[in-house]
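**Student:** Sequence and predicted model, in that order:
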Amino acid sequence: MDRETFHNCCSLDKMPRQIHQQHCSSHFIEYIESEIPYSKFFKNYLIPNQPCMFSKKFTENWNCRKNWVTVDGKPNLQRLLHEFDETPVPVANCSAKEYNSNPKQIMPFKEFIQYWREYIQNGHSSPKGCLYLKDWHMQRNFPGHNTYKNPIYFSSDWLNEYWDTLEVDDYRFVYMGPKGSWTPFHSDVFRSYSWSANICGRKKWLLYPPGQEEFLRDCHGNLAYDVTAPVLQDKGLYAQFEEACQPLEIIQEAGEIIFVPSGWHHQVYNLTTRYEDMLRMMQQLAVEDTISINHNWLNGCNLDIMWQFLQDELSSVQREIEEWRDTMDTWHQHCQVIMKSCTGIDYGEFVSFLKTIANIRISFLNSCPRNADNCEDLLAESLCALGPHHAAFDLQRVLQIFESMLSNEDFKRLDPSALSFKPEDLLQEIREAVHTIV
């Protein structure tokens, strides 16, 4: 990031965030054919929270594109079996519904491959249903595989940076699915960004901009499971469905990477081959086996959306247990516990998250290595590549959110033991670090 971009973006806290859009602004997606400056991606897609697609040129040198795919573009099941064999993997049943998702089980990778082969041999059907290997932390389990390289456009990834520091989790996933596999309607964890690269196969994405999901709730407030289901035409059950805009429909080819912005709800299918498009036109939908790599991620550009999401989630919890407010001295602490059980994070951990991100950037600016060749790890390499002004932008955004939190009544009610430091002290450190760049 250059100095001009930094100064232009430091006023983000004063810009009204259009989270609750009421209409799709367009029904096409911008296509990035070849390398563009990071600053252009930052200005055109991250800041305005707009989707885009990267061409297969961005993945053509990935090892998984070479090793996991046969010459005819199909998953190389034999090679995959050789690499992962007995590895336990999470597998969802797309033929069954459990709440608003698909039930999951853990099975050995070789058992899933055996199922997949039998599924193909049986004309893409099975009494076990349509099973979909999804949300597999392959990168965390096999860090030395060098399967793919995270593009620089997605390298400012606070979510995985934080959980890598804790060494307990990450939000990098591999998906492998046979014909008929799909993902129900949802938005991503913490309202994060996501990027998804097709290693082989094709997908159809249905995307709705933020706010449109409110028209896709039933009379009980539940989000639709399948936005293409006929039941949504029932006005008694989905009274506002007709007010929703038409989704942004995107076909993603093998090798392409889609960028899904914060809060864009979506539904995804493993879709038709080009040859089968004629059959699809005649409503004889055929689909193909697909492998993809997906990351959830967030940074300074959508940190305000995450903070608003947490406030909304806490408010929802408070409404649910309002009747016990006056009977419990620890009611507010219980609300935080319930929120964390539902979302995976509470205000206390959010503060720890911000502190970790800030400390790394303060340390970076204090040392500020001149080039990526001198960096000792991938995180430092990423910070070097993005530059000191980007680190300063990150700190400026942390500062803005911290200031908002300090004025938040629910944050003020936190048990002091939930914080291991004084936020005011960190804010002063941030101001001093940013001042060295400004």
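**Tutor:** Great, that's in hand. Residues are numbered from 1 along each chain as shown.
**Student:** Surely residue 77 touches residue 114?
**Tutor:** No: shown here, residue 77 and residue 114 do not form a contact pair, counting by Cβ atoms under 8 Å, at 9.5 Å. Any C-beta I mention is one placed from the backbone N, CA and C, and that applies to glycine too.
**Student:** neighbour-wise, which of the two wins?
**Tutor:** residue 77 (18 against 14; other Cβ atoms under 10 Å).
**Student:** mind checking how far residue 395 is from residue 409?
**Tutor:** 26 Å (Cβ to Cβ, to the nearest Å).
**Student:** quick one: the strands in the stretch 201-350 of the chain?
**Tutor:** For the stretch 201-350 of the chain, applying DSSP state E, counting those that start in this stretch gives strands covering 203-208, 248-252, 257-260, 265-270, 290-297.
**Student:** now for the last one, which elements pack on it?
**Tutor:** Here strand 290-297 is seen to pack against helix 158-166, strand 172-177, strand 193-200 when contacts are counted using 3 or more Cβ pairs under 8 Å, 6 or more residues apart in numbering; DSSP states H and E.
**Student:** Let me see the mean pLDDT of the second one.
**Tutor:** Taken as a whole, strand 172-177 has a mean pLDDT of 97.
**Student:** Take that strand, keep the C-alpha atoms, and write them as CSV.
**Tutor:** Taking C-alpha atoms only, strand 172-177 is exported to CSV below (Å, rounded to 0.1, in the frame of the first residue of the first chain):
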residue,chain,number,x,y,z
ARG,A,172,-8.4,-22.9,5.5
PHE,A,173,-10.4,-25.8,4.0
VAL,A,174,-10.5,-28.4,1.2
TYR,A,175,-13.8,-29.5,-0.3
MET,A,176,-14.2,-32.7,-2.5
GLY,A,177,-17.6,-33.6,-3.8
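**Student:** where does this protein have low pLDDT?
**Tutor:** Residues of the chain that meet the criterion pLDDT under 70 lie in 1-4, 6-27, 271-287, 369-378, 438.
**Student:** If we use 50, what do you get?
**Tutor:** 15-16, 19-22, 272-287, 371-372 (pLDDT under 50).
**Student:** Show me the longest helix that occurs in it.
**Tutor:** Secondary structure of the chain per DSSP state H: the longest helix is helix 347-367.
**Student:** ok, residues contacting that helix?
**Tutor:** By Cβ atoms under 8 Å, 6 or more residues apart in numbering, the residues outside helix 347-367 that reach it are 158, 161-162, 165, 306-307, 310, 314, 336, 340, 345, 379-380, 383, 388, 391-392, 394-395, 398, 401-402, 405, 410-411, 414, 418-421, 423, 426, 429-430, 433, 436-437.
**Student:** what is the orientation angle of it with helix 158-166?
**Tutor:** Comparing the axes of helix 347-367 and helix 158-166 via axes from the mean of the first three to the mean of the last three Cα atoms, to 10 degrees yields an angle of 90 degrees.
**Student:** quick one: buried residues of helix 347-367?
**Tutor:** Neighbour-count burial for helix 347-367, with 16 or more other Cβ atoms under 10 Å as criterion, is recorded at 347-348, 350-362, 364-365.
**Student:** How about stretch 212-225?
**Tutor:** Buried, per 16+ other Cβ under 10 Å, within stretch 212-225: 212-213, 215-218, 223-225.
**Student:** Save those as CSV, and put in distance to residue 28 too.
**Tutor:** CSV is the format used below for the buried residues of stretch 212-225 (distance: Cβ to Cβ, whole Å):
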residue, distance to residue 28
212, 17
213, 21
215, 22
216, 22
217, 27
218, 30
223, 26
224, 24
225, 27
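**Student:** Pick the one among these closest to residue 94.
**Tutor:** Set against residue 94, the nearest of the buried residues of stretch 212-225 by Cβ to Cβ is residue 225 (11.8 Å).
**Student:** could you point out which element follows the longest helix of the chain?
**Tutor:** helix 378-386 (DSSP states H and E).
**Student:** other SSEs contacting the very next helix or strand once past that following helix?
**Tutor:** The element immediately downstream of helix 378-386 (helix or strand, assigned by DSSP H and E) is helix 388-406. Other elements packing on helix 388-406 under the criterion 3+ Cβ pairs under 8 Å, 6+ apart are helix 3-9, helix 303-320, helix 347-367, helix 423-437.
**Student:** Show residues contacting the second one.
**Tutor:** With Cβ under 8 Å, 6+ apart as the contact definition, helix 303-320 has outside contacts at 12-13, 17, 19, 49, 158, 190-192, 262-263, 298, 325, 335-336, 338-339, 342-343, 345, 347, 350, 397-398, 400-401, 404-405, 408, 410.
**Student:** Buried subset of those residues, written for ChimeraX?
**Tutor:** Selection of buried members from these for ChimeraX, criterion 16+ other Cβ under 10 Å:
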select :12,19,49,158,190,191,192,262,263,298,335,336,338,339,343,345,347,350,397,398,400,401,405,410
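**Student:** Show me where the stretch 101-250 of the chain has its helices.
**Tutor:** 109-121, 138-141, 158-166 (DSSP state H, counting those that start in this stretch).
**Student:** Packed most tightly, which of the ones you listed would that be?
**Tutor:** Between those, helix 158-166 has the highest mean count of neighbours, a mean of 19, where neighbours are mean count of other Cβ atoms under 10 Å.
**Student:** re the thing from before, residue 395 and residue 409: who's more crowded?
**Tutor:** A direct count of neighbours by other Cβ under 10 Å for residue 395 and residue 409 places residue 395 higher, at 23 against 7.
**Student:** mind listing what the more buried one touches?
**Tutor:** Counting by Cβ under 8 Å, 6+ apart, residue 395 touches 358, 361-362, 365, 430, 433-434.
**Student:** Thank you kindly, that will do.
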